[in-house]
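Participant: structure, please.
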Amino acid sequence: MSRRGFTILELTLVIAVMIVLAALGWPQIEVMYSGARLTAGADHVRGQWAEARARAIEDQRSYRFAVIPGTGQYRIAPLDDGTAGGTDQAGDPNAQPPLTIEDTLPTGVQFSERRGSQGGAGQDHPSDDSGDGYTTLVVFRADGTADRDVEIAFETEGGRPLQLRLRGLTGAVTSQWLDAEK
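Facilitator: Below is the predicted model of the structure:
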């Protein structure tokens, strides 16, 4: 007598084995993708830095890049009302509005509390007026430079931290993987 199908017990056992194998493999898959998420977050910030630098030159005004440490939130906004370091464009009907970006890194990626050392003269940045926890890391000036060299690390649970370095004078950005130890 030949069978034409599977019993419910056989199907249930196969599904149970598949679920157990998936549960065992999931942590390894998460670790594998944590590096990709970190790289995506660092590339995103690298692109935003380039946009802020380009707009600072174009608008002839300084832009700040600020983060909330320990989260993935960041902000790019004019340093002031737009009159310092450039011309006041309020009377120009063809002028673009100032660049203002508030965004977050990919899910699970955050700015590390252990930012790298910051070069330059070590001058303090003006604090953000909003009082919502943002810390200014770098200011892009109208001449195309940044006010300092800056290093910032990105972290995700279960992965090695990734660090971006911005060279203030040239705008060159490099990245390197850090040791997982704090």
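
Participant: I'd like the next helix or strand past the one helix or strand A23 maps to.
Facilitator: For A23, the host element (DSSP states H and E) is helix 8-59. Per DSSP H and E, the first helix or strand lying C-terminal to helix 8-59 is strand 63-67.

Participant: okay, now the sheet partners of that next one, with direction.
Facilitator: Strand pairing for strand 63-67, using DSSP bridges, gives strand 73-78 (antiparallel), strand 135-140 (antiparallel).

Participant: got the ones you listed as TSV, with distance to P98, mean neighbour count and mean pLDDT columns?
Facilitator: Any C-beta I mention is one placed from the backbone N, CA and C, and that applies to glycine too. TSV is the format used below for the strands paired with strand 63-67 (distance: least, C-beta to C-beta, whole Å; neighbours: other C-beta atoms under 10 Å; pLDDT from 0 to 100):
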stretch	distance to P98	mean neighbour count	mean pLDDT
strand 73-78	5	20	95
strand 135-140	12	21	94
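
Participant: CA atoms of stretch 18-34 as PDB?
Facilitator: Extracted C-alpha coordinates of stretch 18-34, given in PDB (Å, rounded to 0.1, in the frame of the first residue of the first chain):
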ATOM      1  CA  MET A  18      13.700  23.700  11.600                       C
ATOM      2  CA  ILE A  19      12.700  26.000  14.500                       C
ATOM      3  CA  VAL A  20      15.400  24.600  16.800                       C
ATOM      4  CA  LEU A  21      18.100  25.000  14.100                       C
ATOM      5  CA  ALA A  22      17.000  28.600  13.400                       C
ATOM      6  CA  ALA A  23      17.100  29.400  17.100                       C
ATOM      7  CA  LEU A  24      20.600  28.000  17.400                       C
ATOM      8  CA  GLY A  25      21.900  29.900  14.400                       C
ATOM      9  CA  TRP A  26      20.200  33.300  15.100                       C
ATOM     10  CA  PRO A  27      22.900  34.700  17.400                       C
ATOM     11  CA  GLN A  28      25.600  34.000  14.800                       C
ATOM     12  CA  ILE A  29      23.500  35.700  12.100                       C
ATOM     13  CA  GLU A  30      23.100  38.800  14.400                       C
ATOM     14  CA  VAL A  31      26.800  39.000  15.000                       C
ATOM     15  CA  MET A  32      27.500  38.600  11.300                       C
ATOM     16  CA  TYR A  33      25.100  41.500  10.400                       C
ATOM     17  CA  SER A  34      26.300  43.800  13.300                       C
END
